[in-house]
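Enquirer: Give me coordinates for this.
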Amino acid sequence: MRQRLASSEKRYLQHTRICRVGSVDRRGVVHTAPLCHAFDPGTRTAYVATDGVTAANLRARPRAALECDDYHEDWDTLKGVVAKVRARFVRDRRERDRAARLLRRKFRQYRDTEFGTIIALRVENIASWGL
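Expert: Residues are numbered from 1 along each chain as shown. All right, here's what the predicted structure looks like:
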């Protein structure tokens, strides 16, 4: 894994439709959830809106894994990224408004949503394939 994100990785994180977030609770129990995200390449941050188990785990332990991939039966066309991220609950109004705009722009299902919890997942290290 490396710290620097390639432009192809940033583009992929911006356009891919779903990510999987792996988190761990206080007892060390692993949980993985598929979430819709919006990626801000300028800050290396993926924003997700969730109030579930993932949010509870990230409150207890703010480090997680984020994974996005495209699977095909032709394994020569596989592509994806896996990243180590640090989670932060977005409280700043300006950042929260920006995250909500990014999520609404990417997913029409969010256009009429009043967001509860928004979590910023900042990429610290990344690895990719097929990009």
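
Enquirer: can you give me the helices in this structure?
Expert: For the chain, helices defined by DSSP state H occupy the ranges 7-15, 53-60, 93-106.

Enquirer: Of all the ones you listed, which one is nearest residue 87?
Expert: helix 53-60 (4.1 Å; Cβ to Cβ). C-beta coordinates here come from the backbone N, C-alpha and C atoms, glycine included.

Enquirer: Show residues contacting that closest one.
Expert: Contact partners of helix 53-60, identified using Cβ atoms under 8 Å, 6 or more residues apart in numbering, comprise 21, 23-26, 31, 33, 35, 48, 64, 87, 89, 117, 119.

Enquirer: what do you get if the cut-off is 6 Å, keeping everything else the same?
Expert: Counting by Cβ atoms under 6 Å, 6 or more residues apart in numbering, the neighbours of helix 53-60 from elsewhere in the structure are 21, 23, 25, 26, 31, 33, 87, 117.

Enquirer: Tell me who's in contact with the first one.
Expert: Read that as residue 21. If a contact means Cβ under 6 Å, 6+ apart, then residue 21 has 33, 35, 54, 64, 66 as its contacts.

Enquirer: Out of the residues you listed, list just those in strands.
Expert: Among the contacts of residue 21, the members falling in strands are 33, 35, 64, 66 (criterion: DSSP state E).

Enquirer: Beta-bridge partners for the second one, please?
Expert: On the basis of DSSP bridges, residue 35 is bridged to residue 19.

Enquirer: so where's the protein shaky on pLDDT?
Expert: Within the chain, not a single segment meets pLDDT under 70.

Enquirer: centroid residue for it?
Expert: When the chain is reduced to its mean C-alpha position, the nearest residue by Cα atoms, centre = their mean turns out to be residue 46, at 4.1 Å.

Enquirer: I figured that residue hits residue 119, correct?
Expert: No - taking contacts as Cβ atoms under 6 Å, residue 46 lies outside contact range of residue 119: 8.9 Å.

Enquirer: any idea how far the residue of the chain most remote from its centre is from residue 15?
Expert: For the chain, the largest distance from the centre (Cα atoms, centre = their mean) belongs to residue 74, which lies 26.1 Å off. Relative to residue 15, residue 74 is positioned 20 Å away (Cβ to Cβ, to the nearest Å).
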